[in-house]
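**Student:** the sequence and its predicted three-dimensional model are supplied below.
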Amino acid sequence: MNCYIEIQSRKMLKPSAPTPDNLRRLKLSLFDQLDIGAYVPILFNYLPNSTSSYDDDKLEKSLSETLTKFYPFAGRFRKDIDPFSIDCNDEGIEYVRTKVNADDLAQYLRGQAHNDIESSLIDLLPVMDRLPSSPLFGVQVNVFNNGGVTIGIQILHMVSDAFTLVKFVNEWAHTTLTGTMPLDNPGFGQLPWLFPARALPFPLPDLNTTTAPNHKDVTRRFVFDALAIENLRKTIKDNDTMMKQPSRVVVVMSLIWKVFTHISSAKNNGNSRDSSLVFVVNLRGKLSCIAPSLQHVVGNCVIPAIANKEGDEARRKDDELNDFVKLVGNTVRDTCEVIGKAESVDDIPL
């Protein structure tokens, strides 16, 4: 642990009410299987507020109450019992409280000259062991000298995609602020019923390993201004073969893909090469032919997709971005059509 950070307490926080017997075993969906091995980290930074102060008891109580609706988060992955299910046994989540010896997050990061920013931020997250018996979800509450708080979260992707995690955080925040929980029930069983887990044609990540991968990751952060993205969307020419009104995400992905192909071409004496873009498709709201209610479903409702571009395709400077947007949009459409028409999960290509 970083010398600036002092652990005040650590415990397994359980749901405030036991999970009913009929919900004790949650089957995995096909989409859960595809994301089974990784924890997803996220940090929320809150500046001190003159009208209210940090209340750990209130935050912990509301978290415990929210877990009763998101009960798989407090369960365990029991590969020895059933490799395709979560034992929703209320064992709890990792809950850590720390005191940070810095006025705020900015001062803390300035004091980490020996570390890069990424390594320093990792210390604000709960430590999660990649073992089958490990908690699926962890929360670390870091309190700064000025009263500000940074909440670090790690969750196993097997039980949640980004949509589900945002829904959980919003409900936790609502319960903390109002003292009452929203009335709607997330309903984790719908996706496993529609898309049950199956034997995959490739091996899954081994949760028993704690060895770091033998490679170095290089990350870069690019900021796209909202107005610039909107102006870029307006340059996209609409036609019968292109998706209508491409989203901001599609436009930005297409732009990045285009730039990379230009870089590759420049390094290859001006010759273009075949290229592919791998991205994740959120299926919510796109499979209305089989289940309109999937628009708000929780769990993992995403699937990887691949858009391909041949290197010998003519490059036209006036509408080249259109070509990339079209390829991405058509890939999203085709992926959703294949899944929507599949008679069983065995018909879904992976």
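**Tutor:** Received it, and whenever you're ready, just let me know what you need. Numbers count the residues shown, from 1 in each chain.

**Student:** any idea how far apart the tips of stretch 61-77 sit?
**Tutor:** Distance across stretch 61-77, first residue to last, is 25 Å (CA to CA, to the nearest Å).

**Student:** cool, stretch 45-53 as well?
**Tutor:** 14 Å.

**Student:** what does that stretch contact?
**Tutor:** Residues from elsewhere that reach stretch 45-53, judged by CB atoms under 8 Å, 6 or more residues apart in numbering: 104-105, 146-151. All C-beta atoms are positioned from the backbone trio N, CA, C, and that covers glycine.

**Student:** in which helix or strand would I find residue 276?
**Tutor:** Here residue 276 sits within strand 275-282, counting by DSSP states H and E.

**Student:** run through the bridge partners of residue 307.
**Tutor:** Under the criterion DSSP bridges, residue 307 forms beta bridges with residue 277.

**Student:** quick check, pLDDT for it.
**Tutor:** pLDDT, residue 307: 95.

**Student:** list the contacts of it.
**Tutor:** Neighbours of residue 307 in contact, by CB under 8 Å, 6+ apart: 257, 276-277, 279, 327-328, 330-331.

**Student:** top of those residues by neighbour count?
**Tutor:** Counting neighbours by other CB atoms under 10 Å, residue 328 leads the contacts of residue 307 with 25 neighbours.

**Student:** list the contacts of the residue positioned nearest the centre of the chain.
**Tutor:** For the chain, the residue nearest the mean C-alpha position is residue 162 (3.6 Å; CA atoms, centre = their mean). By CB under 8 Å, 6+ apart, the contact set of residue 162 is residue 40.

**Student:** pLDDT score for it?
**Tutor:** Looking at residue 162, its pLDDT reads 93.

**Student:** any idea how far residue 302 is from it?
**Tutor:** When distance is defined by CB to CB, to the nearest Å, residue 162 is 8 Å away from residue 302.

**Student:** with residue 189 instead?
**Tutor:** Distance, residue 189 to residue 302, by CB to CB: 18 Å.

**Student:** before we move on, what about residue 283?
**Tutor:** 6 Å.

**Student:** now do residue 139
**Tutor:** Residue 139 is 23 Å from residue 302, by CB to CB.

**Student:** between the two, which is the more surrounded one?
**Tutor:** Using other CB under 10 Å as the criterion, residue 139 and residue 302 rank with residue 139 on top: 23 against 19.

**Student:** count the neighbours of the residue lying closest to residue 28 once chain neighbours are set aside for me.
**Tutor:** Once flanking residues are discounted, residue 28 sits nearest to residue 197: 4.4 Å by CB to CB, 6 or more residues apart in numbering. Using other CB under 10 Å, residue 197 is surrounded by 20 other residues.

**Student:** and the strand holding residue 276, what does it pack onto?
**Tutor:** helix 248-267, strand 302-309, helix 320-341 (3 or more CB pairs under 8 Å, 6 or more residues apart in numbering; DSSP states H and E).

**Student:** among those, which is nearest residue 61?
**Tutor:** strand 302-309 (31.9 Å; CB to CB).

**Student:** could you list the buried residues of that closest one?
**Tutor:** Buried residues in strand 302-309, defined by neighbour count with 16 or more other CB atoms under 10 Å: 302-303, 305, 307, 309.

**Student:** just how off-centre is that strand within its chain?
**Tutor:** Between the centre of strand 302-309 and the centre of its host chain there is 17 Å, according to CA atoms, centre = their mean, to the nearest Å.

**Student:** quick one: low-confidence parts of the chain?
**Tutor:** Across the chain, the ranges flagged by pLDDT under 70 are 1-3, 36, 50, 112-115, 201-215, 238-244, 288-293, 312-319.
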